[in-house]
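>>> sequence first, predicted coordinates after that:
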Amino acid sequence: MRKRVSAKFVNSLFQFLFLVLVIAMLLPSLVLSKSADRLVDDDEYKDKDFHRGIITDYGDMVKGDEVNWIWVKPGEKLSDYKVKVGSIENKSDVRSRVFMESVKSSFEDYFGSLKGSQGTLTADLCVTEVQEFSPGKAWIPFAGGHQMQAGVGIEAVLRDQNNTVVAKMRDFERRGSDIKEAAEEVAQHMSKEISKR
């Protein structure tokens, strides 16, 4: 004699299977979105052509609001500080004194506009990558107009008066046909990021 399966059991089984299906669909996207928020989990970092600068540890850097990647020491409020430019290195292929002077000048201008009252941080900078204006990239579908613009990657390490690192930033921006314009864009983004934190 066949036992009759109750409607309540079938309904419970259906709800359980539906829940398993939803979890199976959402779990990969949750894991990927969380890991993609860290630089070391991003394709940029895993690329063999990743351009290293002066930051020695990228493991704690996450996506920023204005810059690509950032880390801020817990408990620090960057917007409470003024920021001055310290050293500046060039690890890119472009060897131009004029370009490096313009990078320093742009950062001095943008960081000079920060008016915190808790002291002054020193920002050591490093140009990690420079991509010259390339009109040949204009043919790239949907992105050519952007990809053809000059691009500059810069890292900044901010230290307090005790030489303690309180923030690290890494950004790459494109703008116009002149690499100096792209560097100015990075300076603007880093300045905005500091003022938000």
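Ah, there it is. Residues are numbered from 1 along each chain as shown.

>>> which stretches of this structure have low pLDDT?
Applying pLDDT under 70 to the chain flags the ranges 1-5, 7, 10, 13-14, 17-36, 135-146.

>>> helices of that one, start to end?
With DSSP state H, the ranges of helices along the chain come out as 7-35, 43-46, 97-112, 144-147, 179-196.

>>> now do the buried residues in the second one.
In other words, helix 43-46. For helix 43-46, the buried set under the neighbour-count rule, 16 or more other C-beta atoms under 10 Å, comprises 44-45. For every residue, glycine as well, the C-beta is placed using N, CA and C.

>>> name the residues that touch that helix?
Residues lying outside helix 43-46 but in contact with it, judged by C-beta atoms under 8 Å, 6 or more residues apart in numbering, are 39, 50, 58, 68.

>>> can you list the buried residues in stretch 51-59?
Neighbour counts using 16+ other C-beta under 10 Å place 51, 53-55, 58 of stretch 51-59 among the buried residues.

>>> got the contact list for Trp71?
If you count contacts by C-beta under 8 Å, 6+ apart, Trp71 has them with 60-62, 167-168.

>>> Provide a PyMOL selection command restricted to the buried entries of the residues you listed.
A single PyMOL command selects the buried members of these (16+ other C-beta under 10 Å):
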select buried, resi 61+167+168
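
>>> which of the contacts of Trp71 lies closest to Met190?
Taking C-beta to C-beta as the measure, Met190 lies nearest Ala167 of the contacts of Trp71, at 9.8 Å.

>>> isn't the closest one up against Glu155?
No: at 11.2 Å, Ala167 does not count as touching Glu155 under the criterion of C-beta atoms under 8 Å.

>>> what about the longest strand in this protein?
When every strand of the chain is counted residue by residue (DSSP state E), the longest turns out to be strand 120-131.

>>> what's that strand packed up against?
In terms of contacts (3 or more C-beta pairs under 8 Å, 6 or more residues apart in numbering; DSSP states H and E), strand 120-131 is packed against strand 82-90, helix 97-112, strand 151-159, strand 165-174, helix 179-196.

>>> among these, which is nearest Val72?
When those are ranked by distance to Val72, counting by C-beta to C-beta, first place goes to strand 165-174 at 4.8 Å.

>>> pull up the pairing partners for that closest one, direction included.
strand 69-72 (antiparallel), strand 151-159 (antiparallel) (DSSP bridges).

>>> ranking those strands by burial, who's on top?
Ranked by average neighbour count under the criterion mean count of other C-beta atoms under 10 Å, the strands paired with strand 165-174 are headed by strand 151-159 at a mean of 24.

>>> any idea how far that one is from the chain center?
Distance of strand 151-159 from its chain centroid, counting by C-alpha atoms, centre = their mean, to the nearest Å, is 10 Å.
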